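Engineer: Need the 3D shape of this:
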Amino acid sequence: MANFYTDHPEIKFNLESSPLMQRIVELKENGYADKDSFDYAPEDYADAIDSYNRVLEVAGDITANTIFPNSEDVDAEGPHCEDGRVRYASKTYENLEATRKAGLNGVTMPRRFGGLNFPITAYTAINEMIASADAGFENIWSLQDCIETLYEFGDEDQRSRFIPRVCAGETMSMDLTEPDAGSDLQRMMLKATYSEEDKCWSVSLKRLILMSRVGESEA
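Structural biologist: Down below sits the predicted model:
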């Protein structure tokens, strides 16, 4: 059976061959302190690399046999509006469920929040495989990396409330628009309104359009 990890030995080579990798893992594992609290935490460097390889093999299997075969159907269906809400293509939800069941969320987050506590090097290897199978889905799956900002700069209450949800695959999003892609982020006004009836937030965007007369120079 195809596997985007074992079929591409250069990914494993890059993961294991960096002269800094041992130090990276030691720092990420805080001297392997988690081994006394979590039965799946590595005891040493060799154990950590073995753990990365096992998880990456699972990721490689899902990428090759679920995400990649679904990519054409995802492109054909695309996201669409349904009952007033935007929904992904149906196969995108299949991809999300497969990665959620495999525990591929919160990859870099600490174990106390339900994450795998992998270094960014291992996370990037998974991200590369997913991107090679379906770049559009990679944009969705890799949104989990946005939680790094909250982990670094949020307080412990915010971390305990939100990071476990991301690790469980429940939530993560990024709302962004770029110049020359239909809108200009610097000219957008965002308004969020909470509906007590629906128990959810609705977000509306308004674009500020700046126009100049023909022949006038733009400021």
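Engineer: what about the residue most central in space within the chain, which SS state?
Structural biologist: Geometric centre of the chain, nearest residue: residue 142, 2.1 Å, by C-alpha atoms, centre = their mean. Using DSSP: H, G, I helix; E, B strand; the rest coil, the three-state assignment for residue 142 comes out as helix.
Engineer: That one: what's it in contact with?
Structural biologist: Contacts for residue 142 (C-beta atoms under 8 Å, 6 or more residues apart in numbering) come out as 127, 130. Bear in mind the C-beta positions are built from the backbone N, C-alpha and C, glycine included.
Engineer: ok, it to residue 127 distance?
Structural biologist: From residue 142 across to residue 127, the span is 5 Å (C-beta to C-beta, to the nearest Å).
Engineer: cool, residue 38 as well?
Structural biologist: The value you get for residue 38 to residue 127, if C-beta to C-beta is used, is 24 Å.
Engineer: more neighbours, the two?
Structural biologist: With other C-beta atoms under 10 Å as the criterion, residue 38 and residue 127 differ in neighbour count, and residue 127 comes out ahead with 18 against 12.
Engineer: How much space separates the more buried one from residue 69?
Structural biologist: For residue 127 relative to residue 69 (C-beta to C-beta), the value is 19 Å.
Engineer: Kindly report the same for residue 102.
Structural biologist: 16 Å.
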